[in-house]
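Asks: here is the input, now give the coordinates:
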Amino acid sequence: MVAVSDSATTSLPPERRRRLLETAAREFAAAGYEQASLNRIIRACGMSKSSFYYYLDSKRELFELVVRELSDSLVRQLRIPEAEEFAVDFWASTLRLLERLADLAEREPLFTDLGRMFHLPGVPTGHGAAVDSAVAAAEGWLDRALAAGRARGAVRDDLPLGLQRHVTFAVLRAFDEWTLRHLAALERAESERLVRAQFEALRRLLAPRHETEENA
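Replies: The predicted structure follows:
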């Protein structure tokens, strides 16, 4: 079960608050941001409109809350090490992280809903928006991990770091978006092959030429 951190809804009883976040995540992931119905969410939670608006002002505020709290929970459960520690054994660390992420997505459907929410059109953006903040945090960590990997010789250094991070993040997002779109049709063995394929794509993109040749 996903833990719920402090927020504007902290005075809600824990079970009602968790139900609100889980129901909202499913609605946003299934219907999209624009088409998601606040009325459906409220009814499914057994809340009155007046009760909902006592805690939150709008659908946008609810969306921001769901993204922020589920993202925080995902990061905690992934136990992502500091970039310098990650780079000690860069490629083994990369594979372990991808495998843990896939395992969490399988065990906790809310993280699958969260992933879909990051790819929705029309979501709130701009300064302080939850999606933008989460992406910026991920990009910042990736910058540090790539820099540490380059310093240790595990990552090629013939490209500007910013470009390398941009291309790496694009590959990760492409795999994530495709997998989420086809998740219902994927068997476990296929999901495991996708994780390995994602790892190999990153290694071919980032590893120094001599390392990719040795592992070919």
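Asks: show me what counts as buried in the strand or helix carrying L163.
Replies: L163 belongs to helix 161-182 when assigned by DSSP states H and E. Buried positions in helix 161-182, judged by neighbour count with 16 or more other C-beta atoms under 10 Å: 164-165, 168, 172, 175-176, 179-180. (Glycine included, C-beta is placed from N, CA and C.)
Asks: ok, now stretch 188-199?
Replies: Quick answer for stretch 188-199 (16+ other C-beta under 10 Å): 191, 194-195, 198-199.
Asks: for P124, state which of the residues you listed is nearest.
Replies: Among the buried residues of stretch 188-199, Q198 lies closest to P124 (C-beta to C-beta), at 28.4 Å.
Asks: for F63, give its distance to E99.
Replies: 29 Å (C-beta to C-beta, to the nearest Å).
Asks: in space, what's closest to R26 - neighbours in sequence excluded?
Replies: D113 (5.7 Å; C-beta to C-beta, 6 or more residues apart in numbering).
Asks: low-confidence ranges in the chain?
Replies: 1-10, 210-216 (pLDDT under 70).
Asks: what's the domain layout of this structure?
Replies: Listed domain ranges for the chain are 14-57, 63-214 (source: automatic domain parsing).
Asks: quick one: distance of the longest one to the chain centre.
Replies: It refers to domain 63-214. 8 Å (C-alpha atoms, centre = their mean, to the nearest Å).
Asks: the first one now?
Replies: Its chain's average C-alpha position is 21 Å from that of domain 14-57, according to C-alpha atoms, centre = their mean.
Asks: so the residue nearest to R26 touches A25, yeah?
Replies: Yes - D113 is in contact with A25 according to C-beta atoms under 8 Å; the separation is 4.1 Å.
Asks: which neighbours do those two share?
Replies: Shared contacts of D113 and A25, defined by C-beta atoms under 8 Å, 6 or more residues apart in numbering, are found at L70.
Asks: looking at those two, which is more packed in?
Replies: The residue with more neighbours, out of D113 and A25, is A25; 26 against 21, by other C-beta atoms under 10 Å.
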